[in-house]
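Novice: Just need the structure, nothing else, for what follows:
(one chain, ligands or ions: 2)
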Amino acid sequence: MVSLLVTDIGELVTNDPALGDGPLGLRRDAAVVVDGGRVAWVGDARSAPAADAVLDAAGRAALPGFVDSHAHLVFAGDRAAEFGARMAGEPYTGGGIRTTVAATRAATDDELRANVARLRGEALRQGTTTIEIKSGYGLSVADEARSLRIAREFSDETTFLGAHVVPPEYADRPDDYVGMVCGSMLAAASPHARWIDVFCERGAFDVDHARAILACGQAVGLGVRVHANQLGPGPGVQLGVELGAASVDHCTHLSGADVDALASTRFDCMCPDGGHTTTVATLLPGAEFSTRSPYPDARRLLDAGVTVALATDCNPGSSYTSSMPFCIALAVREMRMTPAEAVSAATAGGARALRRDDVGVLTVGARADLLLLDAPSYLHLAYRPGVPLVSTVLLNGESQ
Ligand code: NIG
Ligand code: FE
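Specialist: Ligands and ions are numbered 1, 2, ... in the order given. This next block holds a predicted model:
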């Protein structure tokens with residue numbers, strides 16, 4: 001494998017405060033050397049070592065690839081009509097999930113695979129170099145297992161969401177469904193999954209069912225994530241904190257106690273952030289945009305010291321976008337995040353939500369996932385919404 005020098009970077013976001021200014025670790029007139037798929041050197045362009053090949057950034061901005069830590073890509077069909085009705089005044093309830101379940105069950109493996117490939121390609125072109133992929137539209141043993149098998153072809157960050165909603169055939173006996181999720185479904189799904197997730201919400205799974213399912217997943221070695229407090233206040237966030245979840249996602253309706261619980265989560269571990277890690281609050285502004293709902297209060301979380309991630313929630317119902325730059329622009333404009341906070345949340349924050357230290361940063365030894373923007377600064381990601389600014393994507397050091 002040849003080494004590559006990316007030079008004449010006008011502004012480099014490293015996400016390592018030791019490498020530059022502020023939390024973004026910003027450097028001017030920088031260069032990065034990539035070797036063997038990893039970052040081998042970071043410093044001033046004028047003192048960069050030689051490499052086998054050179055990529056001239058011509059003064060453009062560079063940053064780590066986006067880490068989209070929440071996406072539902074394994075599904076068939078779409079729900080454009082539901083979206084149209086919503087924009088005419090219908091509320092979002094999550095009830096449409098069953099429409100996608102029916103379409104997903106009827107699809108062939110190749111159809112599902114092609115849809116994941118299409119969305120993964122969209123995301124990559126927009127700078128997403130790490131993406132988490134959930135199941136949750138199969139909701140039978142065979143359909144959840146094949147959803148995760150297909151997801152695994154595209155990402156190591158796969159999440160078993162058999163507890164998305166109770167499928168129609170179990171509508172009258174949710175306890176039996178929970179028993180199956182914890183039994184035969186988990187056994188079939190877990191070899192293909194790193195994480196387990198539950199939609200803990202009125203109309204989906206209550207806190208007792210959610211706790212039971214997440215505990216079963218933990219018992220077989222899966223990490224915990226929770227869909228929490230999306231449609232209304234509830235116990236999901238505190239359940240996630242109780243179980244040491246890597247991330248609680250949505251966080252749209254939070255009480256003071258929820259914010260306090262998140263702010264107090266610090267688990268001792270051998271982590272690069274100084275020996276601690278936390279339960280991250282993953283905010284998904286594409287969902288509020290597409291359901292015309294109030295946005296989560298990011299300022300309140302950040303000001304309380306909570307680690308925040310931004311992700312797309314890409315799915316055919318509540319948020320059919322694969323674009324992290326779009327989510328950054330929404331977070332800045334609608335959630336009072338600064339551009340620096342939003343870019344950090346979309347890169348380092350996503351990595352924290354996946355408990356990864358090799359992505360979301362450009363430090364020596366990190367995976368060489370690097371974006372060049374057709375712009376002089378990361379600020380333009382929010383300043384120029386809707387403009388395709390990601391001009392070069394390196395994934396594992398390879399140009400895509
Ligand atoms: O994260 N809230 C639950 N699950 C998805 C929506 C799924 C759908 O509407 O199809 C979400 O928003
Ligand atoms: Fe989701």
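
Novice: Pick out the residue of the chain closest to ligand 1.
Specialist: Gly317 (2.2 Å; Cβ to the nearest ligand atom). C-beta coordinates here come from the backbone N, C-alpha and C atoms, glycine included.

Novice: That residue contacts Gly94, correct?
Specialist: Yes: counting by Cβ atoms under 8 Å, Gly94 is a contact partner of Gly317 at 7.4 Å.

Novice: Arg113 looks like it's in a strand, true?
Specialist: No: Arg113 sits outside any strand when classified using DSSP: H, G, I helix; E, B strand; the rest coil, being helix.

Novice: doesn't Arg149 make contact with it?
Specialist: No: if you go by Cβ under 8 Å, Arg113 and Arg149 don't touch, sitting 9.7 Å apart.

Novice: Quick check: neighbours shared by those two?
Specialist: When contacts are counted by Cβ atoms under 8 Å, 6 or more residues apart in numbering, Arg113 and Arg149 have no shared neighbour.

Novice: What residues does the residue nearest to Ala53 when sequence neighbours are not counted make contact with?
Specialist: Spatial nearest neighbour of Ala53, excluding adjacent residues (Cβ to Cβ, 6 or more residues apart in numbering): Leu4 at 4.9 Å. Leu4 sits next to 33-35, 51-55, 394, 397 when contact means Cβ under 8 Å, 6+ apart.

Novice: Now do Met1, the pLDDT please.
Specialist: Per-residue pLDDT puts Met1 at 74.

Novice: thought it was touching Val34?
Specialist: No: the pair Met1 / Val34 is not scored as a contact, 9.4 Å apart, by Cβ under 8 Å.

Novice: more neighbours, these two?
Specialist: Val34 (27 against 11; other Cβ atoms under 10 Å).

Novice: Just confirm that one is within a strand.
Specialist: Yes: assessed with three-state DSSP, Val34 lies in a strand.

Novice: Enumerate every residue touching the most centrally placed residue in the chain.
Specialist: Nearest to the mean C-alpha position of the chain, by Cα atoms, centre = their mean, lies Ser69 at 1.6 Å. Contacts for Ser69 (Cβ under 8 Å, 6+ apart) come out as 130, 132, 157, 247, 280, 282, 309, 311, 349-351, 353-354.

Novice: So what touches stretch 387-395?
Specialist: The contact list for stretch 387-395 (Cβ under 8 Å, 6+ apart) reads 4, 6, 34, 55, 60, 65, 124-127, 129, 325, 368-375, 380-381, 399-400.

Novice: from the residues you listed, which would you call buried?
Specialist: With burial judged by 16 or more other Cβ atoms under 10 Å, the buried subset of the contacts of stretch 387-395 is 4, 6, 34, 55, 60, 65, 124, 126-127, 129, 325, 368-373, 375, 380-381.

Novice: Of those residues, which belong to helices?
Specialist: 124, 325, 380-381 (DSSP state H).

Novice: farthest pair in these?
Specialist: Leu124 and His380 (19.9 Å; Cβ to Cβ).

Novice: Could you report the neighbour count for the nearest residue to Ile196 once chain neighbours are set aside?
Specialist: Of all residues not flanking Ile196 in the chain, Gly217 sits nearest, at 3.0 Å (Cβ to Cβ, 6+ apart). Neighbour count of Gly217, defined by other Cβ under 10 Å: 28.
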